[in-house]
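A.B. asks: Give me a 3D structure for the following:
(chains A and B)
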Protein chains: 2
Amino acid sequence: MTENATPTLTTDQLVSRVAAASAVWAATPYAERARVIRAIADALDAAGAELIAIAQEETALAEGRLQGELKRTTFQLRIFADEIERGACFDVRIDRPDAEWPMGAPRPDLRRMLIPIGPVLNFAASNFPFAFSVAGGDTAAALAAGNAVLVKAHSGHPRLSDATARVVQEAAVAAGAPEGLLEVVHGTENGVEALKHPLIKAASFTGSIPAGRALFDIANARPEPIPFYGELGSVNPAFVAPAAAAARPVEIAEGYLASITGSQGQLCTKPGVLFVPEGSPVIDALLDAAVPGPAPLLNDRIASGFVATLESVAEHGAVSVLREGAASRTAEPEATLLQTTADAVLADPEGLITEVFGPVGLVVTYADPAELAPIARSLEGQLTATIVADEVEGDLELARTLVPALADRAGRVLWNQWPTGVSVTYAQQHGGPYPATTASGTTAVGTASITRFLRPVAFQNFPDALLPEALRDGNPLGLPQSIDG
Amino acid sequence: MTENATPTLTTDQLVSRVAAASAVWAATPYAERARVIRAIADALDAAGAELIAIAQEETALAEGRLQGELKRTTFQLRIFADEIERGACFDVRIDRPDAEWPMGAPRPDLRRMLIPIGPVLNFAASNFPFAFSVAGGDTAAALAAGNAVLVKAHSGHPRLSDATARVVQEAAVAAGAPEGLLEVVHGTENGVEALKHPLIKAASFTGSIPAGRALFDIANARPEPIPFYGELGSVNPAFVAPAAAAARPVEIAEGYLASITGSQGQLCTKPGVLFVPEGSPVIDALLDAAVPGPAPLLNDRIASGFVATLESVAEHGAVSVLREGAASRTAEPEATLLQTTADAVLADPEGLITEVFGPVGLVVTYADPAELAPIARSLEGQLTATIVADEVEGDLELARTLVPALADRAGRVLWNQWPTGVSVTYAQQHGGPYPATTASGTTAVGTASITRFLRPVAFQNFPDALLPEALRDGNPLGLPQSIDG
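C.D. replies: Just a heads-up that it's a prediction; the model follows:
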């Protein structure tokens, strides 16, 4: 499918339509925006059965999984609506004039806040047809921030994308939002054309490293470069400390296998590598634990990528198969575990610490916990890193070395929990140094993601009536205002 | 000069030295960091006479101007030290576990804060040998954020750069900071080598559009791209509304001329274009007002660039000379005013709305205030935009159209004040859409600039003792903690 959703409109026309809506939407009061966003969430919930039926036809995801994902998606819209009414995300700062300012010159009246960045292009993901797609996280954040959105639909669920867009569009217009608040394009060429369009002021992306890097390069090569918030790839290493490995091998093995087989391993936070002590009972437990039976991957492209990457890692000279799943090299695989050593990882980190999108894990045995810190420090950027340890000396000593090293390489560090299942909260961080993302200073999940689609402006010496309401004396909107620092 | 300041060390060795210091500095408690930064400020103040003498030899800036700039520089270091002790800049967020979280799955314990981004490379500016150079704004912000800094010295003041670095280094080490907290390289090749170095994690720049764009492209083409905070160029248009032009022409003309001749017009916020009503008394006042006599520009490169750009604008078919300064096309010019019309600007915005670094202004006459909003909307990104208007109907009506258009195109919008003289405050915003900067989401001046050199990390389900102190229960550092939203 390479036609746009509204086939009578070209990509250029769709961008212009979104840009016109964006100007109106940016000037819409926060409470009004919040009302529209909640109406969108309500409409998506109401259309849930119909949308989930289409999603089941287009993806291999189970009904329960899709129901949970839609619930997450509408919750996300609502918490973002709440967030812009609370208003801390606009970072309002007011400096009153100060003739004695110790810099050496009088301080003027300066008032700064974050305003909408402009029309946003959002490249949707394959693996979350709701939560990282048409009405997903980046769309919700961009809308809350005050920007209209053009979504480049993922080719894995084109009809669901159009159906979702229609629900959003009808609900938004019925609630008083401008036409064009959200539009959809299909096809790589249209996506690239939109990314190069001068009216697009920011872009977001969830997908693979090669595709994300190619789009990042296009965004930066524009005559006017724009921020490109790409979430690309992550191995999400997990480190099991010796005492924990000895004390609770079955719990660790079952937890790990559940985490790498959830959604058939097609999650960006899947813990793809597990470090365990040599000869640990965790290894036996990994062999004994039950895993789900063979199940289809999302689509043919992901299946062929999975088989190829799995085979390339499995054929590495330092890798052996620990547990081969049924039909493991097909489009409907059961989970597979590979095995190598910490020495081998240190010798060839790039060859072994690599993302395999699907139900497979690499178990890395270490002879001495002291081998782990150098590995942690040499990691490429990650979305997450996990420590499984007990609060006893030895494990704690290891943790004190690993925590700062992992915080330096990952956006989220976990203690005795698995990284899959990313909660939408105020303190969530879903990001990390490259290649996990192209913008480690921001998050793709949680209320802090709204800031991605805002930019600061200061107003100097303005009469109150000409200021945005958020910056006025008397604080008519009741937002948090930081006054004189 | 293409040798590094410590000629026995290569650029690679200097980067490694800075990276080693950065790891130690990142782990240094905020209060300790603040103490070191204040010691650096004290040492720079103490060395002021010596440093200013070198600056006078290397630049054409007057002693009083340099004294003010040094005062601004040390004030900046101190206010940033205060800011990290106050700690709001670390954006601490704590979500406590919530089994009933309405997303559909229990919310874990999540704690998020901003941590140091890693070693920073700072390309210094020509026009502020103190405030945007070795110990200037980006260095102060990066140090406060917890990163060591490698400065690429500007070729316009190499000896001052080395002397400043020595003062900083000695003060820092005496106060207990690691060796290598701040180092200097000289020469474009060494700067580019450092920018490509994998241990450098962010870069900042103040300078021209071509140089800034070239470095931005290098930063983004790295195998691991890094944030590049470039402040490039800005015309800073000012719009005089009809009533104000009629009521106070002399005040406006004198204020404008003072703003474009301060520091010989070599300021990034110089209001390079002034829109006034056709036949306005402001034009006569601009012809009558006194201007400073001829004075040297910063250096030969800037002088030749000034003459060439001034001539190219002056030769534009739609441009005439309103007031030619003495020696106006030399390295020691007096201020010059050119003149054109709003129609001409709309017909060729790129040819006419262009930065001339030096004491020149383009006066644009408009026949109808309605001509101004389309021009405002068509502007390239700007650091500032200024409205000069009276609070009477007519002017206010114009302002209500211009303010949102200018906020969309500029980082700071002013009302009846001139944009030069950028105060260092909590609410300052010195940035703007490209080409004003390469990162419109951040600021180069003011306490909010610390955030440029931080990145978020979340800790999930951690024992209190293993968390960074800022995230612990009981809040031992007493920083602002946002709990459960």
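A.B. asks: residue contacts, the residue nearest to A:P433 when sequence neighbours are not counted?
C.D. replies: Of all residues not flanking A:P433 in the chain, A:G381 sits nearest, at 2.9 Å (C-beta to C-beta, 6 or more residues apart in numbering or on different chains). The C-beta positions use only the backbone N, C-alpha and C, and glycine is treated the same way. Going by C-beta atoms under 8 Å, 6 or more residues apart in numbering or on different chains, A:G381 touches A:S234, A:R409, A:A410, A:G432, A:P433, A:Y434, A:P435, A:A436, A:T437, A:S440, B:E224.
A.B. asks: Can you flag which of these belong to strands?
C.D. replies: A:A410 (DSSP state E).
A.B. asks: Could you turn the buried ones of the contacts of A:G381 into a ChimeraX selection?
C.D. replies: The buried residues among the contacts of A:G381 can be selected in ChimeraX (16 or more other C-beta atoms under 10 Å in any protein chain shown) with this line:
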select /A:234,409,410,432,433,434,435,436,437,440
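A.B. asks: now, which of the contacts of A:G381 lie within helices?
C.D. replies: Counting by DSSP state H, the contacts of A:G381 place A:R409 in helices.
A.B. asks: tell me which element A:S482 falls in.
C.D. replies: Using DSSP states H and E, A:S482 maps to strand A:481-483.
A.B. asks: and if you look at A:R112?
C.D. replies: Going by DSSP H and E, A:R112 is in strand A:110-116.
A.B. asks: Give me the contacts around that strand.
C.D. replies: Contacts of strand A:110-116 (C-beta under 8 Å, 6+ apart): A:22, A:25-26, A:89-95, A:145-147, A:451, A:453-460, A:462, A:467-468, A:470-471, B:407-408, B:423, B:425, B:427-429, B:448.
A.B. asks: for stretch A:101-109, same thing?
C.D. replies: A:95-100, A:460-462, B:68, B:71-72, B:75-76, B:417, B:421, B:423-425.
A.B. asks: Just the buried ones out of those residues, please.
C.D. replies: A:95, A:460-462, B:68, B:71-72, B:75-76, B:417, B:421, B:423-425.
A.B. asks: Distance to B:N127, pLDDT and secondary structure for those - can I get that in a markdown table?
C.D. replies: Shown next, in a markdown table, are the buried ones among the contacts of stretch A:101-109 (distance: C-beta to C-beta, whole Å; pLDDT from 0 to 100; DSSP: H, G, I helix; E, B strand; the rest coil):
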| residue | distance to B:N127 | pLDDT | secondary structure |
| --- | --- | --- | --- |
| A:D95 | 25 | 98 | strand |
| A:Q460 | 21 | 98 | strand |
| A:N461 | 24 | 98 | coil |
| A:F462 | 28 | 98 | coil |
| B:G68 | 14 | 96 | helix |
| B:K71 | 17 | 97 | helix |
| B:R72 | 13 | 97 | helix |
| B:F75 | 19 | 98 | helix |
| B:Q76 | 16 | 98 | helix |
| B:Q417 | 21 | 98 | coil |
| B:G421 | 13 | 93 | coil |
| B:S423 | 17 | 96 | coil |
| B:V424 | 16 | 97 | coil |
| B:T425 | 21 | 97 | coil |
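A.B. asks: what's the farthest-apart pair in the residues you listed?
C.D. replies: A:F462 and B:K71 (27.6 Å; C-beta to C-beta).
A.B. asks: my guess is A:L362 meets A:S320, correct?
C.D. replies: No: A:L362 is beyond contact range of A:S320, at 10.6 Å (criterion: C-beta atoms under 8 Å).
A.B. asks: who touches both of the two?
C.D. replies: Joint contacts of A:L362 and A:S320 (C-beta under 8 Å, 6+ apart) are A:L338, A:Q339, A:T340.
A.B. asks: Mind checking which of those are in strands?
C.D. replies: Those of the shared contacts of A:L362 and A:S320 lying in strands (DSSP E): A:L338, A:Q339, A:T340.
A.B. asks: How about the contacts made by the last one?
C.D. replies: With contact taken as C-beta under 8 Å, 6+ apart, A:T340 is in contact with A:H316, A:A318, A:V319, A:S320, A:L352, A:L362, A:V363, A:V364, A:T365.
A.B. asks: for A:P369, same thing?
C.D. replies: A:A241, A:P242, A:P277, A:G394, A:L398.
A.B. asks: of those residues, buried ones?
C.D. replies: A:A241, A:P242, A:P277, A:L398.
A.B. asks: Quickly list what the third one is bridged to.
C.D. replies: Beta bridges link A:P277 to A:Y366 when assigned by DSSP bridges.
A.B. asks: Quick check: it touching A:A245?
C.D. replies: Yes: between A:P277 and A:A245 there is a contact under C-beta under 8 Å: 5.1 Å.
A.B. asks: neighbours around A:E32, how many?
C.D. replies: 14 (other C-beta atoms under 10 Å in any protein chain shown).
A.B. asks: any idea which helix or strand carries the nearest residue to it once chain neighbours are set aside?
C.D. replies: Residue nearest to A:E32 in three dimensions, not counting chain neighbours: A:G176, with 7.1 Å by C-beta to C-beta, 6+ apart. Counting by DSSP H and E, there is no helix or strand that carries A:G176.
A.B. asks: Now do the helices in the stretch 51-200 of chain A.
C.D. replies: Along the stretch 51-200 of chain A, counting by DSSP state H, counting those that start in this stretch, helices occupy A:63-86, A:137-145, A:158-174, A:188-196.
A.B. asks: can you pull out the strands in the stretch 251-400 of chain A?
C.D. replies: A:273-277, A:320-323, A:336-341, A:360-366, A:382-388 (DSSP state E, counting those that start in this stretch).
A.B. asks: Okay, angle between the last one and strand A:273-277 too, please.
C.D. replies: Between strand A:382-388 and strand A:273-277, the angle comes out at 20 degrees (axes from the mean of the first three to the mean of the last three C-alpha atoms, to 10 degrees).
A.B. asks: ditto for the fourth one
C.D. replies: Computed with the same axes, to 10 degrees, the direction of strand A:360-366 lies at 30 degrees from that of strand A:273-277.
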